[in-house]
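Visitor: Okay, predicted coordinates and the sequence, questions at the end:
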Amino acid sequence: MKKSLLLIFAFFSLVNFAKAQTEIKGKVNDPSGEPLVGATVVIKGSNTFSITNESGGFSLISPTQLPITIQISFVGFKAYNLDINSNSSEPLVIQLENDLELAEILITARRRTEEVQKVPIPISVVGGPKIEESGSFNVNRIKELVPTVQLYSSNPRNTTLNIRGLGSTFGLTNDGIDPGVGFYVDGVYFARPAATSLDFIDIEQIEVLRGPQGTLFGKNTTAGAFNITTRLPSYTPGGTVELSYGNLGYVQAKASITGPLSKNLAARASFSGTQRNGTIENVATGKYINDLNNMGFRGQLLFNPSSKLEIVLAGDVNSQRPDGYAQVVAGVVETKRAPYRRFEQIIADLNYDLPSRNAFDRKVDHDTPWKSNNDLGGISLNADIQLGEGTLTSTTAWRYWNWEPSNDRDFIGLPVLSLSQAPSKHEQFSQEIRYSGDFSEKLSGVFGLFYLSQNLDTSPYHTEESGAAQYRFSQSTTSPLWATPGLLEGYGIRTTSTLKSIGAAIFGQLDWAITEKLHFLPGIRFNYDKKDVDYDRVTYGGLETTDPALLEIKRSVYSPQNFKANVEDQNWSGQGTIAYQFSDKVNAFGTFSTSYKPVGINLGGLPAVAGQPLLELAEVKPEYVKHFELGIKTTPTKGSNLNFAFHNTNIGDYQTLVQTAEVGVNRGFLANADKVRVMGVEVDGNIRISKTITLTGALAYTDAIYVSFPNAPVPLEETGDEFAFKDISGGRLPGVSKWAGSFGAEYSKEAKFFGKTGTFFFGSDLYFRSEFSSSPSPSQFLNVEGYALVNARTGFRVKEGFSAFIWSRNLLNQDYFEQLLPAAGNAGHYAAVLGDPATYGVTFRYAF
């Protein structure tokens, strides 16, 4: 990190001679001459922008020398471009004209500020106001606004973030592989999926890029990327205070303050805290669990020593302390095992029954407490330096993740798995150096270097421990020895492991304007990956005995495992895009790309034969991706956008998580499917049909199958059959609905409230998805039925002053499953991650 800081210091020294900053001030009015609050003023070709305040005023610091062009836009008004050729002490006065045209959405996905409709990449954009007003305070809520995104989480560690059904393994997380969806916040890569559980703080915009993006981003992304930008510090003093109250004891408080510390230094400090009561009753303790208890802080310093240099120092600390995330038994499958080994017979022998046979009664009787202590944070230093006709960017970051859980992985009130805990500590250091700009009149692009190192350690060890009832669930013969008192009670495994990984890359993408309308965009990437693992699992507890028969029973439940693995790999990948502008209203593109997901290592335990681990399964081969995409982006009228995309992705050696009946591998293990294919069509658009009414929509059809997977483990209902493996070629991938969509409408009208001019709004969104498989090997039973959710919001908003709005999520109180999971040991019962019931509340905000 010292080297990186020295590098930033060197950059700072190089540009210290730059000329003084150019400050541009002005005021934006509507057609009647009244101040226009909330208009966007951006310096074209840069990331510098301002939002007009209550008096319509704005202030900008130009990152380049004059002349420059500023663009002013606001929904319902014509965009206005103004060339500024010289300094002036007089503030600008700009008056916009009425129009039904949609405001242009600006993105930074290609490392420059561009209009989203002109970028040859399928992108979904969700703005900060929509996020705040709809109550979407984390990524799990955002998926309801972007139907191509899938997120499954049985707790923050066991989180799958996918785009178009690809990205990470479905089910419980194995730390030995890399995610295929990049998660970036202000240019910093977040390596752990637990980051998706964090509450949003000061979000400006979220861009969801679909398809491989390895030639644009530092970390390779085989399925897509989340590019999140937060609000920067401002040299204009301001702030917001927000309080929300809702049912289920929901309380959320947010605060943010920003302003100058000196002429060249500004700061922003932000806080968020969220609490909510539980949604599931534990009848054994009388306590409601699966609550929310989150707290986060983010601070930023913005330093502009000259018009050519911008430095941002940012830090964040986040803590979550919920009693969660409990799963509820959702069903029982009759396996192919002998009757005495099936769930219903086992619990009858133990004089036990479930507290409810209806998962939506939301009742459990778990005997192991649930705990999900989740701490994440870090610090980053970003420098943007204007060099020539482009920007040199250096992003240095260090981040940490501490995870301390307690789970009841048997999902019932019997002492089967008394402990299932995988506490971990993770640290990452990343450095990205990137140049983006124009190289000539016809050639522009981006190229860069990326380095990422990670250390992941058990803290101090992972534990799986049997309870007094384990013998009946593990019993594989009719021998009475299984019932030996104390044989398996307290018997378990403790795993100590370390994972040290290094990833490095060189990447770049050009944009060659062959003609004014025809562009060719080639890209290339070189990856280097290295992983070192030391895995040691020991057994402990249970009955102390020298009886060979009893020892054999114990070994059949848990056995020691030990291995070291050192893997190293490198790969070239790339892409080529042809983009053509048929007219001002129609842009089309075609892309072919190859991508690569690094080699993996099993860190959740290995299957065993006769008590001996299958060490050859420790290493998981890398994925190779071939991707083809066709897209059309259109602007049929000034007030509408309509976009189409067709995509086809083929993956060789697809990394998947497979389930096993062994208790010692209850988290599943990684394997490679020979070939997978994902194909689909997407349509999205929006239209402003009047000055007050806007409609939005997105629809996705996705067909995801195993093309070849002849040796997959059997699904839950076939456990105990003659064969432990089966050919599932042609079967569907888990977690992917054939159809998913999101549709919304908003009515907004200028109004006055307590003397303040603002906007009254009413909006509603519908999200739906068809049924999908929740089993890595297709099952007749582990399938989630399709569902639809209705969300709504209404209120009054102003840019400065008092705003208030009412919101509701799952307004119709739809019962639905988010995920189904088989219990450890495959006795036949499986549990569900339940979707939240109807939630509603009110938010008060004061901005100054």
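Guide: Structure's in. What do you need? Remember, it's a predicted structure, so these values are computed and weren't measured experimentally. Numbers count the residues shown, from 1 in each chain.
Visitor: Please count neighbours and contacts with C-alpha atoms only from this point.
Guide: Will do.
Visitor: mind listing the strands in the stretch 551-700 of the chain by residue range?
Guide: For the stretch 551-700 of the chain, the strands defined by DSSP state E, counting those that start in this stretch occupy 561-583, 586-597, 600-601, 608-609, 612-613, 619-620, 623-634, 640-658, 669-688, 693-708.
Visitor: Mind listing the residues bridging to the residue nearest to T634 when sequence neighbours are not counted?
Guide: Using Cα to Cα, 6 or more residues apart in numbering and skipping the chain neighbours, the partner closest in space to T634 is V586 (4.5 Å). Judged by DSSP bridges, the bridge partners of V586 are S583, T634.
Visitor: can I get the strands of the stretch 551-700 of the chain in a markdown table with mean neighbour count and mean pLDDT?
Guide: Listed next are the strands of the stretch 551-700 of the chain as a markdown table, based on neighbours: other Cα atoms under 10 Å; pLDDT from 0 to 100:
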| stretch | mean neighbour count | mean pLDDT |
| --- | --- | --- |
| strand 561-583 | 17 | 91 |
| strand 586-597 | 23 | 93 |
| strand 600-601 | 24 | 84 |
| strand 608-609 | 14 | 68 |
| strand 612-613 | 16 | 70 |
| strand 619-620 | 21 | 84 |
| strand 623-634 | 22 | 94 |
| strand 640-658 | 21 | 91 |
| strand 669-688 | 21 | 91 |
| strand 693-708 | 21 | 94 |
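Visitor: What about the spatially most central residue of the chain? Give its phi and psi, please.
Guide: Geometric centre of the chain, nearest residue: T196, 4.6 Å, by Cα atoms, centre = their mean. Per-residue torsions, T196: phi -70, psi -10 (degrees, to the nearest 10).
Visitor: Test for you: state the pLDDT assigned to it.
Guide: What the model reports as pLDDT for T196 is 79.
Visitor: And the one 10 residues further on, by the same measure?
Guide: Reported pLDDT at I206 in the predicted model: 85.
Visitor: count of residues packed around it?
Guide: 22 (other Cα atoms under 10 Å).
Visitor: Can you tell me, leaving aside adjacent residues, what's nearest to H829?
Guide: The shortest distance from H829 to any non-neighbouring residue, by Cα to Cα, 6+ apart, is to V332 (4.2 Å).
Visitor: ok, back up a step: redo the strands of the stretch 551-700 of the chain as TSV? Include distance to F58.
Guide: Shown next, in TSV, are these (distance: least, Cα to Cα, whole Å):
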stretch	distance to F58
strand 561-583	34
strand 586-597	33
strand 600-601	51
strand 608-609	67
strand 612-613	66
strand 619-620	54
strand 623-634	32
strand 640-658	28
strand 669-688	26
strand 693-708	27
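Visitor: ok, K308 touching E389?
Guide: No - counting by Cα atoms under 8 Å, K308 stays clear of E389, with 11.4 Å between them.
Visitor: Tally up the residues packed near R337, please.
Guide: By other Cα under 10 Å, neighbour count at R337 equals 18.
Visitor: picking that back up, which residues sit in contact with the residue nearest to H829?
Guide: 343, 828-830 (Cα atoms under 8 Å, 6 or more residues apart in numbering).
Visitor: Spell out the residue ranges of the helices in the protein.
Guide: All helices of the chain, identified by DSSP state H, fall at 2-14, 128-133, 139-142, 343-349, 470-474, 548-557.
Visitor: how distant is the fourth one from the center of its chain?
Guide: Pointing back at helix 343-349 there. Taking Cα atoms, centre = their mean, to the nearest Å, the mean C-alpha location of helix 343-349 is offset from the chain mean by 40 Å.
Visitor: and S86, how many neighbours?
Guide: Neighbours around S86, by other Cα under 10 Å: 10.
Visitor: swap in the one 3 residues further on?
Guide: Under the neighbour criterion other Cα under 10 Å, S89 is assigned a count of 8.
Visitor: cool, A792 as well?
Guide: When neighbours are counted by other Cα under 10 Å, A792 comes out with 22.
Visitor: Report the separation between it and G841.
Guide: Per Cα to Cα, to the nearest Å, A792 is found 11 Å from G841.
Visitor: got the buried residues for stretch 401-410?
Guide: Neighbour-count burial for stretch 401-410, with 16 or more other Cα atoms under 10 Å as criterion, is recorded at 401-410.
Visitor: Next, the distance between the ends of that stretch.
Guide: 27 Å.
Visitor: ok, now stretch 214-234?
Guide: End-to-end for stretch 214-234, by Cα to Cα: 32 Å.
Visitor: So what's the residue count around T546?
Guide: For T546, using other Cα under 10 Å, the count is 8.
Visitor: got a list of what it touches?
Guide: Per Cα under 8 Å, 6+ apart, neighbours of T546: none.
Visitor: hey, where'd the strands end up in the stretch 351-500 of the chain?
Guide: Under DSSP E, counting those that start in this stretch, the stretch 351-500 of the chain gives strands at 363-364, 371-387, 390-406, 417-421, 424-438, 443-458, 462-466, 492-513.
Visitor: how about JSON lines for those, with mean pLDDT added?
Guide: Below are these laid out as JSON lines (pLDDT from 0 to 100):
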{"stretch": "strand 363-364", "mean pLDDT": "96"}
{"stretch": "strand 371-387", "mean pLDDT": "93"}
{"stretch": "strand 390-406", "mean pLDDT": "93"}
{"stretch": "strand 417-421", "mean pLDDT": "90"}
{"stretch": "strand 424-438", "mean pLDDT": "93"}
{"stretch": "strand 443-458", "mean pLDDT": "93"}
{"stretch": "strand 462-466", "mean pLDDT": "93"}
{"stretch": "strand 492-513", "mean pLDDT": "93"}
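Visitor: Now render the ones you listed as a markdown table, adding distance to F74.
Guide: What follows is the strands of the stretch 351-500 of the chain, written out as a markdown table (distance: least, Cα to Cα, whole Å):
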| stretch | distance to F74 |
| --- | --- |
| strand 363-364 | 49 |
| strand 371-387 | 27 |
| strand 390-406 | 27 |
| strand 417-421 | 51 |
| strand 424-438 | 27 |
| strand 443-458 | 29 |
| strand 462-466 | 54 |
| strand 492-513 | 29 |
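Visitor: Could you pull up the contacting residues of the spatially closest residue to the residue nearest to the centre of the chain that is not a sequence neighbour?
Guide: Distance criterion Cα to Cα, 6+ apart; nearest residue to T196, sequence neighbours excluded, is V139 at 5.6 Å. Applying Cα under 8 Å, 6+ apart to V139 gives the contacts 151, 196-198.
Visitor: next one: E144
Guide: 742, 767 are the contacts of E144 under Cα under 8 Å, 6+ apart.
Visitor: Could I get the phi/psi values of it?
Guide: Backbone torsions of E144, given as degrees, to the nearest 10, read phi -80, psi -10.
Visitor: out of the contacts of V332, which is most surrounded?
Guide: H829 (25 neighbours).
Visitor: so that one touches Q327, yeah?
Guide: No - in this structure, H829 is not within contact of Q327 by Cα under 8 Å, at 12.0 Å.
Visitor: what residues are up against D532?
Guide: 498-501, 564-567.
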